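Here is a sequence with its predicted model. Questions after.
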Amino acid sequence: MKRASETDSLFEAPLLAEQERMVEAILFATAQPITVADLHARLPHGCDAAAALQQLAKRYDGRGVQLQRVGDAWAFRTSADLAFLMTRETVETRKLSRAAIETLAIVAYHQPVTRAEIEEIRGVSVSRGTVEQLLELDWIKLGKRRETPGRPITFVVTRGFLDHFGLESPRDLPGLKELRAAGLLDSTPPPDAPPEEEDAGQEDMFTPSPPEE
């Protein structure tokens, strides 16, 4: 039987309000989104980082800076309606090739997906440089291997991808109708296109695949 000194902390956990202040300080000092587990590793024993995050999110609701969830992590971000104030910031842009854009879209909407599946959807082979560029940008990463012959590696989008596009999860990606409404897709169907009522079926191609068991 363990002694109480071995199972309990010598000090009581700080009050929730103090935990909230600690979490706020960590988030402001951290460049990348941080998970609840990482917060627990930094906070005093007995703290409830999840509860502190919920309180902090409420406190910043409606403010110029808001606490947002990015995948399984949290970060402070400028409120969307104030983004125009940031237009004077200098941003270094890197243009993606058409192949990289298509590959990224396929990974985002069909993840986890193998290289062979990407090539089947695109109809052409995927160059090593295209994949390396997306890996270097930290927008895609290696996923689990498929339990199929050859055990091919899969690709999935990263937390950095979600953060860059302001998404909480891949499920927040726009659907086919939203992309057309935004002018990102040609809304005029080709001459041999199927009737419009089949559009609902096309929506499936923009629905992320369920995660593998």
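That came through, no problem. Numbering: from 1, shown residues only.

can you pull out the helices in the chain?
For the chain, helices defined by DSSP state H occupy the ranges 4-7, 16-29, 36-42, 49-60, 98-110, 115-122, 128-136, 159-164, 176-181, 199-202.

Nearest the geometric middle of this structure, what residue?
Closest to where the C-alpha atoms of the chain average out (CA atoms, centre = their mean) is Leu162, at 2.7 Å.

if I look at that residue, how far off is Leu27?
For Leu162, the distance to Leu27 (CB to CB, to the nearest Å) stands at 17 Å. No exception for glycine: its C-beta is placed from N, CA and C like everyone else's.

go on, Thr154?
On the measure of CB to CB, Thr154 and Leu27 end up 31 Å apart.

and Thr30, what pLDDT?
pLDDT for Thr30: 88.

list the contacts for it?
For Thr30, the contact set (CB atoms under 8 Å, 6 or more residues apart in numbering) comprises Ala75.

What separation is there between it and Gly150?
Thr30 is 40 Å from Gly150, by CB to CB.

what's the answer for Asp61, then?
49 Å.

show me the contacts for Ala52.
Listed by CB under 8 Å, 6+ apart, the contact partners of Ala52 are Leu16, Gln19, Glu20, Met22, Val23, Leu39.

If you go by neighbour count, which of these are buried?
Buried members of those, counted by 16 or more other CB atoms under 10 Å: Gln19, Glu20, Met22, Val23, Leu39.

Greatest separation within those residues: which pair is it?
Glu20 and Leu39 (11.3 Å; CB to CB).

State the distance from Arg115 to Gly123.
In terms of CB to CB, Arg115 sits 14 Å off from Gly123.

Looking at these two, which one has more neighbours?
Arg115 (16 against 7; other CB atoms under 10 Å).

ok, the residue lying closest to that one once chain neighbours are set aside - how many residues close by?
Nearest residue to Arg115, sequence neighbours excluded (CB to CB, 6 or more residues apart in numbering): Val126, at 5.7 Å. By other CB under 10 Å, 18 other residues sit near Val126.

tell me the contacts of Val126?
Counting by CB under 8 Å, 6+ apart, Val126 has contacts Ala99, Thr103, Arg115, Ile118, Glu119.

I appreciate the help and will end here.
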